[in-house]
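*Asks:* here is the input, now give the coordinates:
(chains A and B)
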Amino acid sequence: RKEVEQDPGPFNVPEGATVAFNCTYSNSASQSFFWYRQDCRKEPKLLMSVYSSGNEDGRFTAQLNRASQYISLLIRDSKLSDSATYLCAVPPLYGGATNKLIFGTGTLLAVQP
Amino acid sequence: DAMVIQNPRYQVTQFGKPVTLSCSQTLNHNVMYWYQQKSSQAPKLLFHYYDKDFNNEADTPDNFQSRRPNTSFCFLDIRSPGLGDAAMYLCATSRVDSASTEAFFGQGTRLTVV
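*Replies:* Predicted structure coming up:
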């Protein structure tokens, strides 16, 4: 099993739609999780952090399901500007004190007018 | 103001000609990372420094080396670039002893090998 796996994309949704992505992780001891947004040919930028059961920021909600070892990202009322690749990141299985992050392959979201 | 700065943004190098990419940070973070990202793939960790301690990933080719002369700067050296090394190289930093462990990225250096 890969350390981090994400929903295959692309997701093509109309403006105003609600869309959700899932990310599964293999390290049951992981305590922190992150969603990054990456625009085409740009660097990843932190979108949301998840340290407990979940986090909400405006139209974006991240939820953690420890029993099933996945985190989800929900985007409500999608905007054209939400079109990007969304990367899930979790500490790796053998991560020590350095908290290095391993990324999933990302899910491409395309919001259509 | 940019907190993690990579130079140059775009680098063209010849096949087999050594090239160095640089990264600097103003965050005073103790960990610095180098990731390689190819088109439509996830960022792949090459190595990282925890303070002065170098940590190489097991599958990072020997062709890739790194130096961190001080807290603020970190360099990625590619000794003999091949066509397969063309990619975006991302530098990131984080602070281990804080509650948040997310990584902050520079804008990346896009390397082309000709």
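
*Asks:* if I look at the residue nearest the centre of chain B, how far off is A:V90?
*Replies:* Nearest to the centroid of the C-alpha atoms of chain B, with distances taken as CA atoms, centre = their mean, sits B:W34, at 2.9 Å. B:W34 sits 19 Å away from A:V90, going by CB to CB, to the nearest Å. Using the backbone N, CA and C atoms, a C-beta is placed for each residue, glycine as well.

*Asks:* picking up where we left off before, surely the residue nearest to the centre of chain B meets B:F75?
*Replies:* No - the criterion here is CB atoms under 8 Å, and B:W34 misses it with B:F75 at 9.1 Å.

*Asks:* what is in contact with these two at once?
*Replies:* Any residue near both B:W34 and B:F75 by CB atoms under 8 Å, 6 or more residues apart in numbering or on different chains counts here, and that gives B:C23, B:S66.

*Asks:* got the residues of chain A near chain B?
*Replies:* A:4, A:32, A:34, A:41-46, A:49, A:51, A:87, A:89, A:91, A:97-106 (CB under 8 Å from any CB of the partner chain).

*Asks:* near chain A, which residues of chain B show up?
*Replies:* Looking at chain A, the residues of chain B close enough under CB under 8 Å from any CB are B:31, B:33, B:40-43, B:45, B:48, B:50, B:55, B:88, B:90, B:94, B:96, B:99-108, B:110.

*Asks:* nice, that's everything, thank you.
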